[in-house]
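Asks: here is the input, now give the coordinates:
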Amino acid sequence: MSTIDTEAALQRAKSHPSFLLAARYWTACVAFDIGDVRYLLEVVDGVPRAFWRADAHAGDYDLRVFGSVEGWDKLLTPVPPPFFDHVSYGSARKDLGVEGDVVTAVGPYFAAIQEFVAVLREVRNGPVPVRAVADVDRPFDTAVGRYVYVKIEGVQYRIYFEEAGSGDIPMVLQHTAGADARQWRHVLEDPDYQRLYRMIAYDLPFHGRSLPPTSVRWWETEYRLTRDFLMNTVVAISHALELDPPRCQAHRPLTVPAYGRQAPDRNQQRPVASFARGRRRLSQPARRKDRPRQSGRISKE
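Replies: As a prediction, this is how the structure comes out:
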């Protein structure tokens, strides 16, 4: 991989609308390790101030984006191959990833990290080609939405879901916490999936169009989305819609195995081990002055 033009990357980041939007209020120093070569990006209150090549084992940083030279080569191609279109946190892959405190450093500005990678891709290749989505040849989408009443932990909820597909295999689609079933809109319209699956994309209680229950004074207690409540919701919806055996696809990889353990009576449960990736922004990110800086390597404490 050729050396990055740090000045060109810095100037492009200063005018890149998507990066500036995702990085607003961000103050951090980010290490980008490309094999044995390290670059440091300094952002102050959402504005990129400096980007330079540093010693491979030096530098005071808040989080690290790392990868092999081969991994970065694939990541920065104009149209990256599958699995190399972004960097991920907590991945089992060793050739490309993000390392740092997920609450204070990575989570609040994960989108900004991805957008800076897009800046590097553009600096390396020139303007990245935009792949337009063709107009559809139908007046309506095939997904149909409706509500189902289910009881979860003794409380009745009115759950909104959308359904598409005529396949023999039922598949429930779990969105990211804080989002809703719109994350699955393109999956629901995929003709290959429609042929194989009966897809159910639902809004969790208190999410999207699944409003809070009317039979309890829900506003008097703190809302907490626990694992048990999430799993009980999936099981209740599957039973109400007579999905037997259902497959489960989720935006977070821990959801599927947890669902399998939660429904031991459904012996034919066959979770699908593939996951979409959503982005979540924390509403009040921690500022640098409120968290410790790290020198050279990120603490595991």
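Asks: tell me which element residue 239 is part of?
Replies: Residue 239 is part of helix 227-240, with elements assigned from DSSP states H and E.
Asks: so in this protein, which helix runs the longest?
Replies: As assigned by DSSP state H, the longest helix anywhere in the chain is helix 110-125.
Asks: contacts for that one, please.
Replies: With Cβ atoms under 8 Å, 6 or more residues apart in numbering as the test, helix 110-125 has contacts from 2, 4-5, 8-9, 12-13, 16, 18-19, 22-23, 26, 30, 41, 43, 63, 65, 75-78, 80, 86-87, 89, 98, 106, 128, 279-281. Bear in mind the C-beta positions are built from the backbone N, C-alpha and C, glycine included.
Asks: helices or strands next to the following helix or strand past that helix in the packing?
Replies: Remark: after helix 110-125, the chain's next helix or strand is strand 144-152, criterion DSSP H and E. The helices and strands touching strand 144-152, judged by 3 or more Cβ pairs under 8 Å, 6 or more residues apart in numbering; DSSP states H and E, are strand 155-164, helix 227-240.
Asks: pairing partners for strand 144-152, with directions?
Replies: Strand 144-152 sits in its sheet next to strand 155-164 (antiparallel), going by DSSP bridges.
Asks: report the buried residues of the helix or strand following the partner strand.
Replies: Using DSSP H and E, the helix or strand that follows strand 155-164 towards the C-terminus is strand 169-174. For strand 169-174, burial by neighbour count (16 or more other Cβ atoms under 10 Å) applies to 170, 171, 172, 173, 174.
Asks: any idea which of the residues you listed is closest to residue 213?
Replies: Taking Cβ to Cβ as the measure, residue 213 sits nearest to residue 174 out of the buried residues of strand 169-174, at 19.9 Å.
Asks: look up how far residue 197 lies from that closest one.
Replies: Per Cβ to Cβ, to the nearest Å, residue 174 is found 14 Å from residue 197.
Asks: also residue 226?
Replies: 28 Å.
Asks: looking at the buried residues of strand 169-174, which is nearest residue 35?
Replies: residue 174 (36.9 Å).
Asks: the closest one pairs with what?
Replies: For residue 174, the beta-bridge partners are residue 250 (DSSP bridges).
Asks: likewise for residue 199?
Replies: Beta-bridge partners for residue 199, by DSSP bridges, are residue 164, residue 171.
Asks: specify the local secondary structure of the residue lying farthest from the centre of the chain.
Replies: Most distant residue from the mean C-alpha position of the chain: residue 215, 33.5 Å away (Cα atoms, centre = their mean). Secondary structure state of residue 215, per DSSP: H, G, I helix; E, B strand; the rest coil, is coil.
Asks: quick check: buried residues in stretch 136-144?
Replies: Result for stretch 136-144 [16+ other Cβ under 10 Å]: buried residues residue 143.
Asks: quick one: distance of it to the chain centre.
Replies: 27 Å (Cα atoms, centre = their mean, to the nearest Å).
Asks: as CSV, the buried residues of strand 169-174 with distance to residue 202 would be great.
Replies: What follows is those, written out as CSV (distance: Cβ to Cβ, whole Å):
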residue, distance to residue 202
170, 12
171, 12
172, 7
173, 7
174, 8
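Asks: farthest-separated two in those residues?
Replies: 170 and 174 (13.6 Å).
Asks: doesn't residue 178 lie inside a strand?
Replies: No - looking at residue 178 with three-state DSSP, it is coil, so not inside a strand.
Asks: which residues are in contact with residue 166?
Replies: 194, 195, 198.
Asks: how would you label the second one: helix, strand or coil?
Replies: It stands for residue 195. Residue 195 is classified as helix under three-state DSSP.
Asks: now it. Nearest residue, chain neighbours left out?
Replies: Nearest residue to residue 195, sequence neighbours excluded (Cβ to Cβ, 6 or more residues apart in numbering): residue 167, at 5.9 Å.
Asks: ramachandran angles for the one you found?
Replies: phi -70, psi 170 (degrees, to the nearest 10).
Asks: what's the burial count for it?
Replies: Residues lying near residue 167 (other Cβ atoms under 10 Å) number 15.
Asks: now do the contacts for it.
Replies: 193, 194, 195, 196, 197, 198.
Asks: CA atoms of the helix holding residue 239 as PDB?
Replies: Output in PDB follows, covering the C-alpha atoms of helix 227-240 (Å, rounded to 0.1, in the frame of the first residue of the first chain):
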ATOM      1  CA  ARG A 227     -31.900  -9.400  27.600                       C
ATOM      2  CA  ASP A 228     -34.800 -11.400  29.100                       C
ATOM      3  CA  PHE A 229     -37.400  -8.900  27.900                       C
ATOM      4  CA  LEU A 230     -35.900  -8.900  24.400                       C
ATOM      5  CA  MET A 231     -35.900 -12.700  24.200                       C
ATOM      6  CA  ASN A 232     -39.400 -13.000  25.600                       C
ATOM      7  CA  THR A 233     -40.600 -10.600  23.000                       C
ATOM      8  CA  VAL A 234     -39.100 -12.600  20.100                       C
ATOM      9  CA  VAL A 235     -40.600 -15.800  21.600                       C
ATOM     10  CA  ALA A 236     -44.100 -14.200  22.100                       C
ATOM     11  CA  ILE A 237     -44.200 -12.800  18.500                       C
ATOM     12  CA  SER A 238     -43.100 -16.200  17.100                       C
ATOM     13  CA  HIS A 239     -45.800 -18.000  19.000                       C
ATOM     14  CA  ALA A 240     -48.500 -15.400  18.100                       C
END
